[in-house]
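K.L.:
coords below, sequence missing:
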C-alpha cells in the first residue's frame, strides 16, 4: 500500500468517524444556543409565552419570527442582501465580510503560528496597538510618494508589532518568563502607552484637537479599495492572503517551520537534535507578532483611516485566538475560520440594526464554537458520533501503557 | 495478613499486560516477583493497589475478596506500596508527606503536625533511621526519600507491603540496608512483595520467587535456584547476550576527555574531574548504577549541559562549550537515554524524525525549503536498511513499538558521517529481537572506525559490547578495565571500590 | 559557558554538592536606583509645601490637624534616609545575608512618601481618601487574587477571574435591584462565579482542554453574555433590573474611631469585612488544615496525592468552584459595593490585574493580598494625583501593576516558583 492511498483512507476515516464533522456540529450547536438567547430575550416571545398554554401557536410563531428574522439579517448582512434589488448593492455584504475578515486572517495566522511552536500569544491587542500606532504615525506625519508611503507605513507597522512581540520572545528565551503572562501584561502596557501618546500633543494627537485621537492618514498611505470606492474591501485583504500563503510555506514546507513544529511538539527532543529552542521562540514570536501587526495596519490604513483611537484593535486580538483555535492552527483552516467570523461580524451589525439583537451575541456564538471545538468528546456525546479513538489509537494506547504501567 | 491474587487479567486494548496471574503471599514472607522490563509486574501491582481495575480475577486478603476502586481502598485494607518513582510531594516536609491522606486533625480541621512528627519518629526509631520530620523532602538524598516512602506505608499500619523496583536508584550499600529493612519487616509479620529484575537481590532476600514473562506466570523458584535457572525462566532463552564481534582494530585517539566536571542546575557537581580517551574503532562502555553521573557525562559530550569545566577533544580539536548544533555538525552521533522525551518527536512521521537533527540545511533543506522527494527516498531506504517495522514512512512515530522507535533513532544517527557515537541505554525497553539488531549496528559503527561510547546499567549489555569498561560511581571514574573483566569485579567497582589491579586506563 | 575552560584546574572538593547560596543583588541595586532618583528629585524639586490631611471630613470624631511638609527639606531628609538604607543593604550583601523584609517595607513607604511630597507641591493630599480608596479598589483584586491562588495551588490556572468578577457584578446588580436586599445579592454572585469556575473545571478536567484556552474563551463568553443581556434586558428594564440597592457601610464601633486607620479599614461595607475574613481563612486554611494540605498536594504532585487515596479530579473541581465563588463575591464590589448600575465590561481587566497579583505574590494568599493592595494603591494614587494635577501622566501610574508583574515573571523581583502541576491535566495511570 503506498502513502497516498493510505492518506486517502485516513481522510475517509476522519469523515466517517465524525472527526471532520466536529467543527460543523460545533458551529451548529453554538448557533442553536444563540437562537435560544435571541428567542428568550425577544419581547414578542416573552409576551406570547405568558399565555403559552392557552395558545402555544402564538409563542412558537414569535420564536420562529425572532430567530429566523435575526439569522436572515445575519445572512443578508454577511453574504448577499436579497432586498437590495440589484447585484451591485446585493453583493455589498459579502465585501463587508471580507473587510471584517482581513484583520482576522492576519491575526489568526499570527496566533496559529505561535501555537504550532507551543506558544500562546495572547498579546494580539498590544501588538496590534503598537503596530497601528507606528503605521498610523508614518501614515499621517510624512509626505511620501504613492505606493512608497503605503509600503513604508506597512513595514513600519509590522516592525512595531514584531518589536512588541519580540520582547516577549526575548524575555522567554532569557529568563523563562511565561509568554501567557507577559503578553497579557503587555496588552495593558501598550494600551496605556498608546492612550498617553494619543492625548499628548506632538506625539500622536491630532493638532488642534483635545480628543485622544490621531489625525487622518495621508491619502498616499491608505490601502486602496479593491472593488472600487463603493465597497469597503481594501488591499489589506491581498496582504492577508499573501500572508496565508507565506505562513503555509513556512509551516508546511520550510526548514524553519520544521524546526518550529519540532519545538512545538517536543522541545526537549528538538534541543537534543541541535535546534536552538530559545531562538525558535524568539523567531516565532517575531513572526507571530508581525502578523498581528499586519492586522493592526489593516485596521489603521484600511478600515479606519480617518484617525485612530486606543480602541483601534477592536478586540480583534482576542478574536484572533478564537479564529486560530477554530482553524486548528493550520493556515487554510485559519483562513476559513477568519472568513466565518468575519461574516459573523458583518452580519452581526445588520442583525443589530434590523432586529435590535445586540452585536455581542456574535462574541457568545464565537466563544461557544471554540469551546465546543476544543472538546470534541462533548460534541460527540451530544450528537452521538462514534469515538474515532476507539477505532484508531490502539497503537497509542499500547505506548501509553508501556510508559505508565508496564515499566517493571 | 495473607494476600492472594487469583487469575488477574488486565488488558490495554489488544495488549494483555496480565494474563490470569495468580500469586499468594503469606505473612512473614518475602515474595519476589521477578521479570524483565515490560513483563507486567508493575501493572499487576497497580491492579492490587487500586490504580487500575482488572478485567477479571480477584484479590483476597486473609481469604476475603476485596474490591478496590482506588488506592484509598487498598490502603484502608492494609496494603502499602513503596513506589519506584517516589510518591512524595517535594516541597512538603517528611511529616506532611507521611500524614497526607489520613491526617490527624484538631478542632476545625487544623492539622495535628505534632502527632505526625511523633509517628515519624516512632517508626524511624523502630528501624534505626535518623530522620528529621520537619526536613523538606526535596532536600533529602534519594535513599532517605525511600525511607520516607516506607514510613508512609507503615504509618497506615500496612500489613502487606509492595516494593516496586526499589533498588533501581540505590547504591549497593543503600541496597543492602534496604534488604535489612525488608527482613526486619518480614520478621515483624508483614507480607512483602518485592518486584525486581535483579537476580542477585532476589536470591539474597526472597523466601519465594514467582517469575513472570510477557504477562504470564512462567514458574516458581526457590532462592536456592542458580542465576542461570532464574534468568532462563525470566527471559525464556539462554540469557547470555552474545554479540559477534572481531577484535578491535584500534586507530588514533578519537575522543579525549580530560578533567571534565559537570555541575547541574542545583549547583551539584554530578561529574567530577573525569578523564578518559576512546580510540577509533573501539567501544568504551560506561557501567554504573543509574544516577552516578553517566547521563550528565553523555549530555556534556553533546553540549547539552550548561555548566561544564574541563576539556573535550574530538580528533584533537577542543569542542567543550560548543553548541549542540556545532557538535552534531562536527560528527557526534547521539542516542539519548529516553528516546520518547529526548530522541523523537512522537507526532512527527518516521520520515520527519529521520531528518530531525538536520533541519537547518543540506541535504534535506535547500533555500529554506524541505526537499520532500529527497527526504522520502532517504526515509524509505533507511526504513528498509534498519528493518523498521512501520505502516509507512508517514506513520507517526508514536504509534511504533519501542524497538522500532529506537531503530529510527539509530538509523538517523548512523546515517551521518560520524566521528563519535554516544549511545545511552541503547536497548532499554526494546524487544529482544531488536536488541540484537541494535547491538550489531553499534559494533558495525565501531568496525567502521568510529569511537563509540555506550552507557548501560545492564551488566550483560556492557560485557557484550565493550572493548574496555569504565565504571562510574558518585560522579567519579572508579576504574577503566578490559572488556573481559568478571561481573563480580565490575559489581564491586559499581559499589565504589577501586580495583588495585587491571586498571588498564 | 564562560567558565568552561578558564577554571578547568579548580580542585573540586564539594561532595554533597553544597555550593554557597548566592545572595541576590537585586535589592541593593534597586535601592541604589531609587536613592539616585530621590536625590535627583530633591535637587530638582519645586519649592513650596505639601500638605497631608488626616481626616476625611469635619464630622469625624477625632480631628487631626493638617501636616505641612516643606518640599525641599523633606525630600532631602528622605533621600538621606534612603541612602542609609541602601548602604545597609549593600553591607548585608557583603556578609551574604538577605535584606530583611521590614527594611524593604520601610524603604518602600519612605519612597512613596517622598513621591507624594514631590508630586503634591502646593496641594493637600487627603491621606484617608487615598488609602481608603486604595483599599476599595483593591477589594475585587484581593478576592480575585485569592481565587487565583486557590486555583493555581490546586493545579488549575484560573485565567477566568475576569469572567468570574464580571458575572458576580452582573448577578449582584440584578438580584439587588429585584429584591432590594443587597445582602441576598452576595450568595447569588457567589453562585454565578462558581458556575463559571465549574465550566472552567469541566472543560479542563473532563475534556482536558488547555486551561489557558478555556480561561481566555470564558472571559470572552462572559463579556459577550453579560453585554448581550445588558443591552437586551437590563437597559429596557433598568428600573426593575438594574437599579441595585447599595450595600451600606457598617462602621465598627470603637475601631472606626481610630484616626486614619478607622475610616480606612473599619468604616466599610460587609464585602470588605468578608474580605478580611477570606484572606485569613484562606491563608490559615492553605497551610494549616487538612483541606489545604490536600489541595497543595494535588497541585504539586497529583499522582502522589492519588496514591494516598485523595481524589485528584474532584479535589480540583470543587476547589476551582470555590475559587469561582470567591471571585464572584469580589465582583459584587463593582455594583452593589459601589452603588453603581451594571454596565458592559465594567470590570475593565481587573481580573487580569488580580492574576498579576497572584504571580507577584508568589502564589501565597497573604503576599498576593499585599500585591493586590499595592496595585489598588497605585491605581488610586493615580486618581488622587489626577485630581490635584500630577507631573506624572496617569497612564504610567496605571501601567505600574503590569510592568511590575512582567519584571516579576522575568525573575527580576525575586525568585518564584509556581505549583509544580499547575496547568497540567491529570490523567490516571
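P.N.:
Arrived safely. This is a predicted model, so every value here is computed, not measured. Residues are numbered from 1 along each chain as shown, chains lettered A, B, ... in the order given.
K.L.:
Going by C-alpha atoms from here, please, whenever you check contacts or count neighbours.
P.N.:
Fine.
K.L.:
Just want the residue of the stretch 201-350 of chain C that's nearest chain B.
P.N.:
Among the residues of the stretch 201-350 of chain C, residue C:309 lies closest to chain B, at 3.6 Å counting by C-alpha to the nearest C-alpha.
K.L.:
What distance do you get for that residue to residue C:294?
P.N.:
Computed with C-alpha to C-alpha, to the nearest Å, the distance linking residue C:309 and residue C:294 is 10 Å.
K.L.:
same deal with residue C:377?
P.N.:
In terms of C-alpha to C-alpha, residue C:377 sits 34 Å off from residue C:294.
K.L.:
When those two are compared, which one has more neighbours?
P.N.:
More crowded of residue C:377 and residue C:294, by other C-alpha atoms under 10 Å in any protein chain shown: residue C:294, with 24 against 21.
K.L.:
residue contacts, that one?
P.N.:
B:100, B:101, C:305, C:310 (C-alpha atoms under 8 Å, 6 or more residues apart in numbering or on different chains).
K.L.:
Show me the chain divided up by domain.
P.N.:
By default, I'm working from chain A. Following automatic domain parsing, chain A resolves into domains at A:15-78+A:342-393, A:103-326.
K.L.:
that's the wrong chain, I meant chain C
P.N.:
According to automatic domain parsing, chain C comprises the domains C:26-122, C:131-371.
K.L.:
Buried ones in stretch B:483-503, by neighbour count?
P.N.:
If you call a residue buried by 16 or more other C-alpha atoms under 10 Å in any protein chain shown, then stretch B:483-503 has these buried ones: B:483, B:490, B:491, B:493, B:494, B:495, B:496, B:498.
K.L.:
and if you look at stretch B:115-135?
P.N.:
Residues B:116, B:117, B:119, B:120, B:121, B:123, B:124, B:131, B:133 are the ones in stretch B:115-135 that count as buried (16+ other C-alpha under 10 Å).
K.L.:
One more: stretch B:321-336?
P.N.:
Judged by neighbour count using 16+ other C-alpha under 10 Å, the buried positions of stretch B:321-336 are B:321, B:323-325, B:327-336.
K.L.:
Ok, stretch B:156-169 next?
P.N.:
For stretch B:156-169, using 16+ other C-alpha under 10 Å, the buried residues are B:156-169.
K.L.:
after the host helix or strand of residue A:47, next one along is what?
P.N.:
Take DSSP states H and E as the rule and residue A:47 turns out to sit in helix A:43-49. Sequence order places helix A:56-78 as the next helix or strand after helix A:43-49, per DSSP H and E.
K.L.:
next one: that next one to chain centre, how far?
P.N.:
In this view, helix A:56-78 has its centroid 28 Å away from the chain centroid, taken as C-alpha atoms, centre = their mean, to the nearest Å.
K.L.:
Is it positioned near chain C?
P.N.:
No: Helix A:56-78 lies apart from chain C when judged by C-alpha under 8 Å from any C-alpha of the partner chain; the minimum separation is 13.3 Å.
K.L.:
That helix packs against which elements?
P.N.:
helix A:21-40, helix A:43-49, helix A:92-116, helix A:331-355 (3 or more C-alpha pairs under 8 Å, 6 or more residues apart in numbering or on different chains; DSSP states H and E).
K.L.:
pLDDT of the third one, averaged?
P.N.:
Okay, so that is helix A:92-116. Mean pLDDT, computed over helix A:92-116, is 96.
K.L.:
Give the other helices and strands that that helix contacts.
P.N.:
helix A:56-78, helix A:236-248, helix A:255-265, helix A:277-297, helix A:316-326, helix A:331-355.
K.L.:
which secondary element of chain B has the worst mean pLDDT?
P.N.:
Least confident helix or strand, chain B: helix B:227-235 with a mean of 71, by mean pLDDT, DSSP states H and E.
K.L.:
What is the distance between the helix or strand that that one is followed by and the centre of its chain?
P.N.:
Downstream of helix B:227-235, the next assigned helix or strand under DSSP H and E is strand B:253-263. With C-alpha atoms, centre = their mean as the basis, strand B:253-263 stands 25 Å off its chain's centre.
K.L.:
Could you spell out the sheet neighbours of strand B:253-263, each with its direction?
P.N.:
Strand B:253-263 sits in its sheet next to strand B:269-279 (antiparallel), strand B:307-314 (antiparallel), going by DSSP bridges.
K.L.:
ok, back up a step: please tabulate the buried residues of stretch B:115-135 in JSON lines and include secondary structure as additional columns.
P.N.:
JSON lines is the format used below for these (DSSP: H, G, I helix; E, B strand; the rest coil):
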{"residue": "B:116", "secondary structure": "helix"}
{"residue": "B:117", "secondary structure": "helix"}
{"residue": "B:119", "secondary structure": "helix"}
{"residue": "B:120", "secondary structure": "helix"}
{"residue": "B:121", "secondary structure": "helix"}
{"residue": "B:123", "secondary structure": "helix"}
{"residue": "B:124", "secondary structure": "helix"}
{"residue": "B:131", "secondary structure": "coil"}
{"residue": "B:133", "secondary structure": "coil"}
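K.L.:
can I get those in JSON lines with pLDDT?
P.N.:
JSON lines is the format used below for the buried residues of stretch B:115-135 (pLDDT from 0 to 100):
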{"residue": "B:116", "pLDDT": "93"}
{"residue": "B:117", "pLDDT": "94"}
{"residue": "B:119", "pLDDT": "93"}
{"residue": "B:120", "pLDDT": "94"}
{"residue": "B:121", "pLDDT": "94"}
{"residue": "B:123", "pLDDT": "92"}
{"residue": "B:124", "pLDDT": "91"}
{"residue": "B:131", "pLDDT": "89"}
{"residue": "B:133", "pLDDT": "94"}
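K.L.:
same for the helix or strand hosting residue B:463, what does it pack against?
P.N.:
In this assignment (DSSP H and E), residue B:463 forms part of helix B:459-465. Using 3+ C-alpha pairs under 8 Å, 6+ apart, the elements in contact with helix B:459-465 are strand B:283-287, strand B:452-456.
K.L.:
between those strands, which gets nearest to residue A:69?
P.N.:
The closest of those to residue A:69 is strand B:452-456. By C-alpha to C-alpha, the value is 72.4 Å.
K.L.:
which residue sits closest to whichever residue of the stretch 1-150 of chain C sits closest to chain A, ignoring its sequence neighbours?
P.N.:
Nearest residue of the stretch 1-150 of chain C to chain A, counting by C-alpha to the nearest C-alpha: residue C:148, 13.2 Å away. Using C-alpha to C-alpha, 6 or more residues apart in numbering or on different chains and skipping residues adjacent in sequence, the residue nearest residue C:148 is residue C:158, 5.6 Å away.
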